[in-house]
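Colleague: below are the sequence and a predicted model for it; my questions follow.
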Amino acid sequence: MFTTLLACVKTKFQILREAASTLRKRTLYKMKYPKDVEIFRDDSRPELDANLYSELRHCAIHLDSLLWYNQ
């Protein structure tokens, strides 16, 4: 049972890692930006900045729940 629990937690961490690594790409896609757009400063586009923060917060909430679950 312990091994199964560890495998489940490991999988959740892997999913979270992938979500965090594709955060910017997914946010740009959701906001319908072109694929080849180059944005050097997010604060020049407040709506993008807000959406990125929202996605990052979502990942942080999931990470927090995983960390508290294991203690």
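Modeller: Done, it's in. Numbering: from 1, shown residues only.
Colleague: what ranges do the helices span in this structure?
Modeller: 2-21, 23-30, 46-69 (DSSP state H).
Colleague: mean neighbour count and distance to Ile39 added to the ones you listed, as TSV?
Modeller: All C-beta atoms are positioned from the backbone trio N, CA, C, and that covers glycine. Shown next, in TSV, are the helices of the chain (neighbours: other CB atoms under 10 Å; distance: least, CB to CB, whole Å):
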stretch	mean neighbour count	distance to Ile39
helix 2-21	11	18
helix 23-30	14	8
helix 46-69	13	7
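Colleague: any chance of those helices in TSV with mean pLDDT as columns?
Modeller: Formatted as TSV, the helices of the chain follow (pLDDT from 0 to 100):
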stretch	mean pLDDT
helix 2-21	90
helix 23-30	92
helix 46-69	89
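Colleague: need those in JSON lines with distance to Glu38, can you?
Modeller: Below are these laid out as JSON lines (distance: least, CB to CB, whole Å):
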{"stretch": "helix 2-21", "distance to Glu38": "19"}
{"stretch": "helix 23-30", "distance to Glu38": "11"}
{"stretch": "helix 46-69", "distance to Glu38": "13"}
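Colleague: what separation do you get for Cys8 and Ala60?
Modeller: Applying CB to CB, to the nearest Å, the value for Cys8 to Ala60 is 20 Å.
Colleague: meant to ask about Lys10
Modeller: Using CB to CB, Lys10 is found at 19 Å from Ala60.
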